[in-house]
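Chemist: Just to be clear, the model below is a prediction. Sequence and coordinates:
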Number of protein chains: 4
Amino acid sequence: MNFRSDNCYGIAPEISAAVQAANKGTDSSYGDDRVTARLQARFSEIFERDVHVYAVISGTAANALALATLVPSHGAILCHTGSHIAVDECGAVELFTHGAKLVGLEGANGKLTPAIVEAALARFEKGSVHHPQPSAISITQATEVGTVYRREEIAALSKIARANGMKLQMDGARFANALASLACAPADVTWRAGVDVLSFGATKNGAMGAEAVVFFAKDDVRDFEYRRKKSGHLMSKMRFVSAQLEAYLHDRLWLKLASRANAFAAQLAEGLAGVSGANLAHPVEANEVLVHLPDETVARLRKAGADFYDWEPPKAGSTLIRLVTSFATPAEDVANFIRIAKG
Amino acid sequence: MNFRSDNCYGIAPEISAAVQAANKGTDSSYGDDRVTARLQARFSEIFERDVHVYAVISGTAANALALATLVPSHGAILCHTGSHIAVDECGAVELFTHGAKLVGLEGANGKLTPAIVEAALARFEKGSVHHPQPSAISITQATEVGTVYRREEIAALSKIARANGMKLQMDGARFANALASLACAPADVTWRAGVDVLSFGATKNGAMGAEAVVFFAKDDVRDFEYRRKKSGHLMSKMRFVSAQLEAYLHDRLWLKLASRANAFAAQLAEGLAGVSGANLAHPVEANEVLVHLPDETVARLRKAGADFYDWEPPKAGSTLIRLVTSFATPAEDVANFIRIAKG
Amino acid sequence: MNFRSDNCYGIAPEISAAVQAANKGTDSSYGDDRVTARLQARFSEIFERDVHVYAVISGTAANALALATLVPSHGAILCHTGSHIAVDECGAVELFTHGAKLVGLEGANGKLTPAIVEAALARFEKGSVHHPQPSAISITQATEVGTVYRREEIAALSKIARANGMKLQMDGARFANALASLACAPADVTWRAGVDVLSFGATKNGAMGAEAVVFFAKDDVRDFEYRRKKSGHLMSKMRFVSAQLEAYLHDRLWLKLASRANAFAAQLAEGLAGVSGANLAHPVEANEVLVHLPDETVARLRKAGADFYDWEPPKAGSTLIRLVTSFATPAEDVANFIRIAKG
Amino acid sequence: MNFRSDNCYGIAPEISAAVQAANKGTDSSYGDDRVTARLQARFSEIFERDVHVYAVISGTAANALALATLVPSHGAILCHTGSHIAVDECGAVELFTHGAKLVGLEGANGKLTPAIVEAALARFEKGSVHHPQPSAISITQATEVGTVYRREEIAALSKIARANGMKLQMDGARFANALASLACAPADVTWRAGVDVLSFGATKNGAMGAEAVVFFAKDDVRDFEYRRKKSGHLMSKMRFVSAQLEAYLHDRLWLKLASRANAFAAQLAEGLAGVSGANLAHPVEANEVLVHLPDETVARLRKAGADFYDWEPPKAGSTLIRLVTSFATPAEDVANFIRIAKG
């Protein structure tokens, strides 16, 4: 019963097969291969616009390279206090930007709002060399606590970004889960809503190690390709990364996998509703469930072999835990977890 | 007839199978998995010493992270003018070290010698804050021109390094090819000869994207693991990288693959000896052949579909080209190339 | 009536004279001169311990170089949300540390407390490569709001720092003002209280441009001298910076100047107590007065030529303003300011 | 007899007086003061064009900040092997550019030529992410060996720079000496000859610590001001730096001081021509004399108290020494030096 992370699960069979299929003959290295060439068109089709796509092998690299491309060393990046870039990437963005400042902002359900951003902006004096200059907003879709931004919410943040000369970056490590939840077009919650660059995650949702940085305007690409190379993130046998992404996008695989993971999370949420003392911390909109459970329930689940994170230290007899579901989560694990939780 | 780079070839079947085999059930992410755990012992066995091994996905990352761990921002790194870190990595080492200086040194057959290093050291005033301080020697094994350092050559460089408080790093992107050529123990040309850290390449020799940074002393590891994470090089599904390395080392696969590639290079060298106007630029000791060919021969080969690099612009009717062979090079390609070259 | 900043005032006559006196004959450059050589002993005498002193020309350089010497790129630095390094230095510390994270913490009267620091530490998982590792506490003495840490307060923070393997850095841009206020020995509120490195400011208190980074243990100096040079902060004619510091320390000049500035602040605080609607925001312990004044009072003062900062935007008819006094503030300016404020 | 460096001499009386004169009343800090405001017009007048001037306190800061503003992290900077940025600044440019590559090129008399630059450019593949991209040429005026670029020489380099999308930076630590030697307008050897940015040195020629970065086009300034602040190089009491520069430029002081220093160098060169075994290494065109002297002559001079650098280790009974003259060099020191050299 592994609910620790979607990263703990493996590779979707279709993606694994695509990697093997790409293992034929020779091709150019460092991204000049035929598979990679096809990605550009494939992503453009999916996003209904000419996009500029660059594959890397980790979400940290995707976020840090994208933000470093758009934010100067003297810039500031507004993000949620709980965002991955602020908490879980060991300061990668600060390294790649050469010292830009991440400004962590509190917000309900893992989200930023226009009011939150505007309050933060008031703290920085525009044009003063003494203050880092707000240069980007970074949002996470789906958020770290399993909620999902609506297109209007994104558009509202984008409006502030534009009005203040800032870019809007989306950390989409779980973008597929968000999209499956929203059931809208990829374009609707990205460039149509004002997103400038997207870290399009595939690894957590069935790839081996493949993320795509998607720029929606050519001008924003700037020196991204040099940055990717200079940081060691340009794979020599790139075709095997690109093959993962191609398979991921083929025949809506990405959305099918994400829908499966989301459904498990919904089942967990529904099932846990019937557990005495259980309290959902946030709406369950993607593939994560953050739930307060009585400590004895937590102990019982762990004893039965369930693996998951304590999101916060125990408090007053209850602990906030995080459950993450995967396309590959066994259905019986979900059922068993609920059963054991019910005691 | 692809002799452009070993990077143009794919994945060895045994390695591909190992990746699929690792795709079962769940495991911990970010390198806390069981496959990665086994690597430590496996590498220690092969190097006859407790080594400290960290997987990354590119040679550039391996070199830059290893050197940044050992060389301060005010340091200088002595390397061959033609080395990959100096020429082909877009200044990755300079980025990761935050501005250390690569000092490129000329040397016959792609190699540094004690005399070359000592002459360079004389240019830096020890302890002066005005001058970058020589902190490491970086050598490439096999070299960029297909030659191989002997253990005595390495030991002699190590002696100077130690005498001057410098570390000795080995870029082993083609370490297997060098070792297959030398037919000695891995330890003999690494730690026993005074190498402090090795970029152990697997990608060029049959992996999909897997390199290992091997430290031979625990103290040298320092903050390497933080550096790897902070630069986005810690894969979440690390087990699939580690599985490649495990298969690569199993049953001497790495040496078998390299021997096959080396043999093709030897055949090319031998065959080209019979070509009118052909002149080998360097001894052929690994899987690369640098050869001067008459421009008409070059043109004939290209017309017949042979793919390779011009190493230098044409001069006086002749061009220095580079031919790289792979474990997966078709044997008939080698024969055909020689036949066509002979005209 | 300039109460905008102590930086708006000039050079103390004694310091100006010392610079001229140093302008005789030749001396070695880049800090190898005789004046600089004397500083080491002078500072050691004043701090009652062998200290290691390095002059720079700005407080930003002092803080950023000192912290970068002690904090790795993957480190985190705990500081007050209102601290100069967090707010007013454009992310210099983040640049010089190559991406360490400043963790801004709220605290009454501009101060950190053990409880605040401990709560923050709980958010970082020790030894996890995913999280920046808390490596230093930075405190400001006197604080940005004109309060002063007591020796016991510093010692308590130091205890936590040591228990967690962190260094304690003190931004002493207004160290003289703090010391004049505390009337204790310099050692008492620095190394005896567990401070590892001090940015010893002189510029705000009568120097032209001279700050000293004071390390209390030789081991902590590490590669500071290379960092100073590499960042362009090693002055060629260093003797003129050192001469400022020497004069500053001579015959207790630094404390006399600071006492004078502090006394003006005390007079302001006392005088404003009699102003209708005036409310001191913090105890006035050094040379800064943060006071809420009715907007009409603020307007009247400005109309009369008083210059000062709005510390916060006006709210409910009142504005929090900051008044900074200098050794060179004309006594009549203080009297006039109070008189006008009284209306 | 101090011929070690012009840095060993002090402050010109006019400059010292200007610093004292600026020490009156209050003024805005961080460069918003009246003296600094006047500099812009003053420099524009001298350069016959609207220039953009920013003061810093060291030549290393001037060079590194200017180049970092114009050269991306993936860039390369072509410079002479003997240039200050390549040899004497501990890799400051590499730090400030976040890892750009300095490409040191050999050239007679400390100079680059079009042929040298073009040969170097051929080694970099334009647009390839694997290679640092040549982004600037840096030349030193006067050079490190006391020669001076003619306007045609500069214009020829500028032509190549422009043709290749590169900027032309001039390290003018001894710009006054060069100009006094050329007896032309400042504009002629800067923007009219295609120089994009100039490090305008004053420290070596009589200032206490003052250099100006002069941009000749507004677009090139980019984020320079943020870079200056973020690196700790924005002085709070800037007026005292600006006052030095103002005095330096007043009534042609800078050229008078430089002419005096140059004249001493010319006297040395002429006098040493009569010394047995003496050989000038380069034309003496500014305030430096590089001369081969018999070792016994060198020893005799040192014994008599002369201070100077060995530029190279002794070889075959002779040593290449460097003599630097200053506006403040005592005339009798020059005479004595020659007399003693003659034996």
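Modeler: Cool, the structure landed. Residues are numbered from 1 along each chain as shown, chains lettered A, B, ... in the order given.

Chemist: give me the number of residues near the closest residue to residue A:34 other than its chain neighbours?
Modeler: Once flanking residues are discounted, residue A:34 sits nearest to residue A:27: 6.0 Å by Cβ to Cβ, 6 or more residues apart in numbering or on different chains. All C-beta spots, glycine's among them, are computed from the backbone N, C-alpha and C. By other Cβ atoms under 10 Å in any protein chain shown, the residues close to residue A:27 number 20.

Chemist: May I have the secondary structure class of residue A:291?
Modeler: Here residue A:291 takes the strand state, with states given by DSSP: H, G, I helix; E, B strand; the rest coil.

Chemist: Quick check: it touching residue A:319?
Modeler: No: using Cβ atoms under 8 Å, residue A:291 is not in contact with residue A:319, being 9.4 Å away.

Chemist: These two: which is more packed in?
Modeler: Taking neighbours as other Cβ under 10 Å, residue A:291 and residue A:319 compare with residue A:291 leading, 26 against 19.

Chemist: and that one, how far is that from residue A:9?
Modeler: Between residue A:291 and residue A:9 the distance is 20 Å, computed by Cβ to Cβ, to the nearest Å.

Chemist: for residue A:142, same thing?
Modeler: In terms of Cβ to Cβ, residue A:142 sits 17 Å off from residue A:9.

Chemist: And the helices in chain A?
Modeler: Using DSSP state H, the helices of chain A run over residues A:13-22, A:34-47, A:59-70, A:84-87, A:92-96, A:114-121, A:151-163, A:175-182, A:224-230, A:239-249, A:253-273, A:295-303, A:331-342.

Chemist: Need the pLDDT of the residue nearest to residue A:34.
Modeler: For residue A:27, the pLDDT comes out at 97.

Chemist: Hmm, it is touching residue A:238, no?
Modeler: No: using Cβ under 8 Å, residue A:27 is not in contact with residue A:238, being 9.0 Å away.

Chemist: list residues touching both of the two?
Modeler: By Cβ atoms under 8 Å, 6 or more residues apart in numbering or on different chains, residue A:27 and residue A:238 have these common neighbours: A:33, A:35.

Chemist: Tell me which of residue A:142 and residue A:9 has more neighbours.
Modeler: Between residue A:142 and residue A:9, residue A:142 has the larger neighbour count (other Cβ under 10 Å), namely 28 against 25.

Chemist: mind listing what that one touches?
Modeler: By Cβ under 8 Å, 6+ apart, the residues touching residue A:142 are A:148, A:174-175, A:177-178, A:181, A:285-288.

Chemist: Please apply the same query to residue A:297.
Modeler: Shown in contact with residue A:297 (Cβ under 8 Å, 6+ apart): A:275, A:277-278, A:341, A:343.

Chemist: can you list the domain ranges for chain A.
Modeler: Here chain A is described, according to automatic domain parsing, as comprising the domains A:11-251, A:254-342.

Chemist: Distance from the longest one to the middle of the chain?
Modeler: Computed by Cα atoms, centre = their mean, to the nearest Å, the separation of domain A:11-251 from the middle of its chain amounts to 8 Å.

Chemist: how about the contacts of residue A:297 in a markdown table, adding distance to residue D:333?
Modeler: Below are these laid out as a markdown table (distance: Cβ to Cβ, whole Å):
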| residue | distance to residue D:333 |
| --- | --- |
| A:275 | 92 |
| A:277 | 91 |
| A:278 | 89 |
| A:341 | 91 |
| A:343 | 96 |
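
Chemist: top of these by neighbour count?
Modeler: That'd be residue A:341 among the contacts of residue A:297, by other Cβ under 10 Å, with 24 neighbours.

Chemist: how near is the residue lying closest to that residue once chain neighbours are set aside to residue A:298?
Modeler: Distances taken as Cβ to Cβ, 6+ apart put residue A:275 closest to residue A:341, at 4.7 Å, once the chain neighbours are dropped. Residue A:275 sits 11 Å away from residue A:298, going by Cβ to Cβ.

Chemist: and what of residue A:89?
Modeler: Distance of residue A:89 to residue A:298, given as Cβ to Cβ: 28 Å.

Chemist: now residue A:343
Modeler: Counting by Cβ to Cβ - residue A:343 and residue A:298 are separated by 12 Å.

Chemist: who's in contact with residue A:162?
Modeler: The contact partners of residue A:162, taken as Cβ under 8 Å, 6+ apart, are residue A:194.

Chemist: and the gap between it and chain B?
Modeler: Separation of residue A:162 from chain B (Cβ to the nearest Cβ, to the nearest Å): 28 Å.

Chemist: likewise residue A:281?
Modeler: Distance from residue A:281 to chain B, counting by Cβ to the nearest Cβ: 23 Å.

Chemist: Ok, residue A:242 next?
Modeler: As judged by Cβ to the nearest Cβ, residue A:242 and chain B stand 12 Å apart.

Chemist: Looking at that residue now. What's its pLDDT?
Modeler: 98.

Chemist: and it, how many residues sit next to it?
Modeler: Here the count is done by other Cβ under 10 Å, and residue A:242 has 26 residues near it.

Chemist: For it, list the residues it contacts.
Modeler: Contacts here follow Cβ under 8 Å, 6+ apart; on that basis residue A:242 touches A:22, A:31, A:33, A:35-36, A:38-39, A:55, A:210.
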